[in-house]
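*Asks:* Give the three-dimensional model of this entry:
(one chain, ligands or ions: 1)
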Amino acid sequence: MRPVLTTRDIDTPELMDDPHADTRALARTYGRFGFVNALVSRPGTLYRRDIRPRALRSRRLRILDVGAGGGDLCRLLAWRLRHDGLDAEITALDADERAIRWASAHDRGAGIRYRRALTTELVAAGETYDVVLSNHVLHHLGDAELRTVLRDSVQLAAPDGLVSHHDIARSRMAHVLFDAATWPISRTLLADSFIREDGLISIRRSYTVSELAAIAPTDWIVRGGVPARLELRWEGDRARS
Ligand SMILES: C[S@@+](CC[C@H](N)C(=O)[O-])C[C@H]1O[C@@H](n2cnc3c(N)ncnc32)[C@H](O)[C@@H]1O
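*Replies:* Purely as a prediction, here's the structure:
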């Protein structure tokens, strides 16, 4: 059956968000996020365009990854920064204790700080960061939660800081491509994980560029990207000029 993609399907929860989810499948899902992100999230571009230039200007770049999941993006950034001789303090934040437990057990010497908390708790604690980012988190949120995360992100960003939220953009093409790409590996590489099912649900739950633009305050920029990507971006310098 062809899924309806004209509006967000926020009533279908992802399997990984079920508090009673099978722990082995959940662990395999966290373990496979790095593979998926290498294919679709372009972490190298994020590093070269947004992280490295700021790390070069900063004594110790403070990065917050909201909804870090298995922590693969944090680890990749930590290793690339270290490789380039740049210093950073990276915090992996997740609302789910299971993700934080898995990610901290798989730190592999990256030296990430792991925290189970919501952005609102960090705001209350007066924390600030040079870069606040997320990947594949926006589609987990309802519109009210999204507004909270956006408001918190700006409050958590330093005066000249950057907020960059990345996600899938909902489209028929994204659904068809993800379905076709994951079907052949569903019983091998992705076996006993939620990657394929949750990936398809994620696409149905995700925003389009115009939906996000309608929700985000005016000092945010929404950009579309390839393949079926979007970025919701706020820059302190630009917003205040
Ligand atoms: C699909 S995973 C993405 C993980 C990782 N960012 C990646 O790209 O592989 C989404 C993660 O966001 C977390 N999450 C959802 N809502 C959140 C919120 N309001 N605050 C913090 N984490 C949240 C979930 O617990 C989950 O671990």
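*Asks:* Is any residue of the lengthiest strand in the chain near the ligand?
*Replies:* Ranked by residue count under DSSP state E, the longest strand found in the chain is strand 157-168. No. Residues of strand 157-168 contacting the ligand under CB under 6 Å from any ligand atom: none, with a closest distance of 8.0 Å. Quick note: C-beta positions are derived from backbone N, CA and C, even for glycine.
*Asks:* Residue numbering should commence at 27 henceforth.
*Replies:* Got it, the first residue is 27 from now on, which makes the last one we talked about strand 183-194.
*Asks:* and the helix or strand just after that strand, what does it pack onto?
*Replies:* Heading C-terminal from strand 183-194, the first helix or strand you meet, by DSSP states H and E, is helix 198-208. Applying 3 or more CB pairs under 8 Å, 6 or more residues apart in numbering; DSSP states H and E, one finds that helix 198-208 makes contact with helix 221-231.
*Asks:* Please pull up the helix or strand immediately following the helix it packs on.
*Replies:* helix 235-241.
*Asks:* what comes into contact with that next one?
*Replies:* With CB atoms under 8 Å, 6 or more residues apart in numbering as the test, helix 235-241 has contacts from Arg34, Leu164, Asp169, Leu172, Arg173, Ala195, Tyr233, Val248, Arg249, Gly250, Leu256, Leu258.
*Asks:* Could you rerun that using 7 Å?
*Replies:* For helix 235-241, contacts defined as CB atoms under 7 Å, 6 or more residues apart in numbering pick out Asp169, Leu172, Arg173, Ala195, Val248, Gly250, Leu256, Leu258.
*Asks:* which outside residues touch the longest strand of the chain?
*Replies:* 67, 76, 154-162, 164-165, 179-180, 200, 228-229, 232, 254-263.
*Asks:* Same list, the residues you listed, but only the ones touching the ligand.
*Replies:* The subset of those within reach of the ligand, by CB under 6 Å from any ligand atom, is Asn161, His162.
*Asks:* Counting only helices, which of the contacts of strand 183-194 make the cut?
*Replies:* Using DSSP state H, the members of the contacts of strand 183-194 that fall within helices are Ser179, Val180, Ala200, Ser228, Ile229, Gly262, Asp263.
*Asks:* what's the spacing between Ala240 and the ligand?
*Replies:* When CB to the nearest ligand atom, to the nearest Å is applied, the distance between Ala240 and the ligand equals 20 Å.
*Asks:* That residue: neighbour count?
*Replies:* Look at Ala240: counted by other CB atoms under 10 Å, it has 11 neighbours.
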